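Participant: Next come a sequence and a model predicted from it.
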Protein chains: 2
Amino acid sequence: MLNFSFANSTQIHFGEQQISTLSSNIPTDAKVLVVYGGGSIKKNGVYDQVCEALSAHSWGEFSGIEPNPSYQTCMQAVELVKRDNYDFILAVGGGSVIDGCKFIAAAACFEGEPWDILAKGAEVNSALPLGVVLTLPATGSESNSFSVVSNKETNDKLPFATPLVQPKFAVLDPNVMTTLPKRQLTNGVVDAFVHTMEQYLTYPVDAKVQDRFAEGLLLTLMEEGPKVLADDASYEVRANVMWSATMALNGLIGAGVPQDWGTHMIGHEVTAVYGLDHAQTLAIVLPRMMAEQKEAKREKILQYAQRVLKLDVSKPEIAIEQAIEKTELFFHSVQMPTRFRDYQLGEEVADAIVTQLERHGMTALGEHQAVTLEKSHRILLQSV
Amino acid sequence: MLNFSFANSTQIHFGEQQISTLSSNIPTDAKVLVVYGGGSIKKNGVYDQVCEALSAHSWGEFSGIEPNPSYQTCMQAVELVKRDNYDFILAVGGGSVIDGCKFIAAAACFEGEPWDILAKGAEVNSALPLGVVLTLPATGSESNSFSVVSNKETNDKLPFATPLVQPKFAVLDPNVMTTLPKRQLTNGVVDAFVHTMEQYLTYPVDAKVQDRFAEGLLLTLMEEGPKVLADDASYEVRANVMWSATMALNGLIGAGVPQDWGTHMIGHEVTAVYGLDHAQTLAIVLPRMMAEQKEAKREKILQYAQRVLKLDVSKPEIAIEQAIEKTELFFHSVQMPTRFRDYQLGEEVADAIVTQLERHGMTALGEHQAVTLEKSHRILLQSV
């Protein structure tokens, strides 16, 4: 096991009717800016529940945070925060809204050009307190300190992280998933699955707890993922997917183990250039990343094959191929395509994305920094 | 899955040489009272590491916190804190020292009779900040808000809990386990195992993540427990046991699931009356609690049999008996006796402990509050 420091201070309020806890979770003297996306929360009842819970608070709202939240939109919210002196941000949405709100919370307190937080890693010294009502389980952003924001003018999609934007609390009510479009459920399941794989499928360091927790999340997502897409999905299925997605990226399973994130780095560039959903890019890249890195990841792929996929690993080479194939089939089982051609993209992708990777300094990806631009190019070509 | 609220704010610093992080984890202007037990930390180098890390701090010390920390000893520390105006408590020890320090931290700020915190559940409104250097993995106290303190004059062993005594940080260096007596290692493994069982072996609520995390801890403790007792135990084995013990009672695996704790309630009384180590009592009671409650726990015992013990469950009645037997054999595998007679105690235990349970209102234990005094009596008799 590697040395680590870990804490997760976000107070999770999980279950039915938990949105009502907002009334006591936000200081009564706070001036709250409720931030959300395209307005689906007004159709599914979440907005009404938030309004009711905030009836004793002073609050306003900002809508229009888009998928892959843009710097430009976030800065409009920052201006509103400054103009009207909001001092608490409540994100009501999925990972994009939460990521956007983390940037808003930091940028509102930043002296200088906020773009530098993303582009230059400028230090964040303070941020407004942030709370979350999660409407789409996927990214884990509701209980971590990471954020990814896009600049639509420059095709950049860049991350930042600071404990200062870790949400104070997150409300997770599985009932909010009832009206989600299937595409968003699919994205959520795949995103959580690949987050887990990025922290699990590397090389062994004898971290038995972390490995088994990761395997528990993978097993649960494989079991519940297809079920959550059914029209008659139960509350319990939704609850298991929602809690898995949060646990997949709250820092716990990655504490003390090597991490990969190569699939994510390549995927981010695909979203920036071609506009595919984040999870769509992960499902395309991961199987080819596994194949390209199958020697470096050999032991963990076999452990995954045995413990998660219940494959016979007595013939390792066959088991590894089966593990990769079954991973891709799992994505298909949750209605997720796994090829660029499914999005009318061809071999041109490889050159375009490698150019982007090079521009962003992503020339050595993965747990061993062994995925060179040449290997990324091959991964992309084989993903067509 | 049941509704839940969960957070764990304790910053874990895990690994080799992490004791040195004390220098930056405790505010430089704090006046620190270092609290420890019987002095083993002076022999194994931990005391010296703490001294070195605190070289820039103002600090003093209080030693003599005993196993099953006593109210009387803790109150001596409280007097010292008040007299010399300490404003930060650093617990250096195992669960007893940490539990004692939680009470010291709360009692030092309490207006009124501190015994009321334990005896009457008097509300704690403030507490001194608390940090931990863990020397014995077992109780999970290093990252939770629970404490159990004994009154040696009255034979009471009573719990209290408040987020105000949740440690700010906990340093977990597996190397501190190198010089631990085998009895303490045995206790730690059994304690962590039974903590997990208390939150797992109840009835199913379709909480797949929590179940699999608990199973991961049980599997790890069963694999690593016997190994950690060997003279040539590796760092990795120690690390896995240490992290399992913390995860077993930091609130995570118990969030959203029913919990039992009947074995603990009976065990506490056994320690109070007969002075057995906490874990020794758990190993005696748990197998009989499983047998007594085998119908109420039927589904989860079978899940445990299948997933943890890898038993054939096609004949459920046989599998249940085997699961109970193998649990007891696991305790033996870590050199832990499982009968009162191993401590020269006989049938007299049943009446004595039931009297204590009655006195403390423990008349209906377990996840269904179905373990009456009559059933507790039978469990105790069958444990002789």
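Facilitator: Thanks, I have it. Numbers count the residues shown, from 1 in each chain, chains lettered A, B, ... in the order given.

Participant: how close does the closest residue to residue A:19 other than its chain neighbours get to residue A:243?
Facilitator: Excluding its sequence neighbours, the residue lying closest to residue A:19 (Cβ to Cβ, 6 or more residues apart in numbering or on different chains) is residue A:49, at 4.3 Å. All C-beta spots, glycine's among them, are computed from the backbone N, C-alpha and C. From residue A:49 across to residue A:243, the span is 20 Å (Cβ to Cβ, to the nearest Å).

Participant: The two: which has the busier surroundings?
Facilitator: Higher neighbour count among residue A:49 and residue A:243: residue A:243, with 26 against 22, using other Cβ atoms under 10 Å in any protein chain shown.

Participant: for that one, what are its contacts?
Facilitator: Neighbouring residues of residue A:243 by Cβ atoms under 8 Å, 6 or more residues apart in numbering or on different chains: A:14, A:172, B:1, B:207, B:209, B:256.

Participant: again, but for residue A:16
Facilitator: A:173, A:174, A:175, A:235, B:3.

Participant: Equivalent analysis for residue A:222, please.
Facilitator: Applying Cβ under 8 Å, 6+ apart, the residues near residue A:222 are A:193, A:308, A:330.

Participant: Just the ones in helices from those, please.
Facilitator: Among the contacts of residue A:222, DSSP state H puts A:193, A:330 in helices.

Participant: mind checking the end-to-end distance for stretch A:359-377?
Facilitator: 14 Å (Cα to Cα, to the nearest Å).

Participant: In that stretch, which residues are buried?
Facilitator: Residues of stretch A:359-377 classed as buried: A:362, A:365, A:366, A:367, A:371, A:373, A:375, A:376, A:377 (neighbour count, 16 or more other Cβ atoms under 10 Å in any protein chain shown).

Participant: Which pair of the residues you listed spans the longest distance?
Facilitator: Greatest spatial distance among the buried residues of stretch A:359-377 (Cβ to Cβ): A:367 and A:377, at 19.5 Å.

Participant: got the residues of the stretch 51-200 of chain A near chain B?
Facilitator: Neighbours of chain B within the stretch 51-200 of chain A, by Cβ under 8 Å from any Cβ of the partner chain: residue A:169.

Participant: what ranges do the helices span in the stretch 51-200 of chain A?
Facilitator: A:71-84, A:95-107, A:115-119, A:182-200 (DSSP state H, counting those that start in this stretch).

Participant: and of those helices, who's closest to residue B:44?
Facilitator: Across the helices of the stretch 51-200 of chain A, closest to residue B:44 is helix A:182-200 (Cβ to Cβ), at 33.5 Å.

Participant: if we can go back for a sec, generate a PyMOL selection restricted to the buried entries among the contacts of residue A:16.
Facilitator: Buried residues among the contacts of residue A:16 (16+ other Cβ under 10 Å), as a PyMOL selection:
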select buried, chain A and resi 173+174+175+235
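
Participant: Can you lay out the contacts of residue A:16 as CSV showing pLDDT and distance to residue B:143?
Facilitator: Listed next are those as CSV, based on pLDDT from 0 to 100; distance: Cβ to Cβ, whole Å:
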residue, pLDDT, distance to residue B:143
A:173, 98, 27
A:174, 98, 27
A:175, 96, 31
A:235, 98, 30
B:3, 98, 23
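
Participant: would you turn the contacts of residue A:16 into a markdown table with distance to residue A:265?
Facilitator: Converted to a markdown table, those look like this (distance: Cβ to Cβ, whole Å):
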| residue | distance to residue A:265 |
| --- | --- |
| A:173 | 33 |
| A:174 | 31 |
| A:175 | 35 |
| A:235 | 36 |
| B:3 | 37 |
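
Participant: quick revisit: if you rank the contacts of residue A:243 by neighbours, which is first?
Facilitator: Most neighbours among the contacts of residue A:243, by other Cβ under 10 Å: residue B:209, with 29 neighbours.

Participant: I'd like to know how far it sits from chain A.
Facilitator: Applying Cβ to the nearest Cβ, to the nearest Å, the value for residue B:209 to chain A is 5 Å.

Participant: could you say which helix or strand contains that residue?
Facilitator: helix B:208-228 (DSSP states H and E).

Participant: angle of that helix against helix A:208-228?
Facilitator: In terms of direction (axes from the mean of the first three to the mean of the last three Cα atoms, to 10 degrees), helix B:208-228 departs from helix A:208-228 by 160 degrees.

Participant: Out of the helices of the stretch 51-200 of chain A, which gets nearest to residue B:30?
Facilitator: That would be helix A:95-107 among the helices of the stretch 51-200 of chain A, by Cβ to Cβ, at 28.9 Å.

Participant: Tell me which other helices or strands that closest one touches.
Facilitator: In terms of contacts (3 or more Cβ pairs under 8 Å, 6 or more residues apart in numbering or on different chains; DSSP states H and E), helix A:95-107 is packed against strand A:31-35, helix A:71-84, strand A:88-93, helix A:115-119, strand A:130-134, strand A:146-151, strand A:156-161.

Participant: Which of the ones you listed has the lowest mean pLDDT?
Facilitator: Note on the helices and strands packed on helix A:95-107: lowest mean pLDDT is at strand A:156-161, with a mean of 89.

Participant: Can you give the contact residues for stretch A:376-384?
Facilitator: For stretch A:376-384, contacts defined as Cβ under 8 Å, 6+ apart pick out A:262, A:266, A:284-285, A:287-289, A:291-292, A:338-341, A:345-347, A:349-351, A:353-354, A:357, A:362, A:365, A:371.

Participant: Likewise for stretch A:288-303?
Facilitator: Outside stretch A:288-303, the residues touching it (Cβ under 8 Å, 6+ apart) are A:200-204, A:211, A:260, A:262-263, A:266, A:313, A:316, A:319-320, A:323-324, A:327, A:366-368, A:370-371, A:375, A:378-380, A:382-383.
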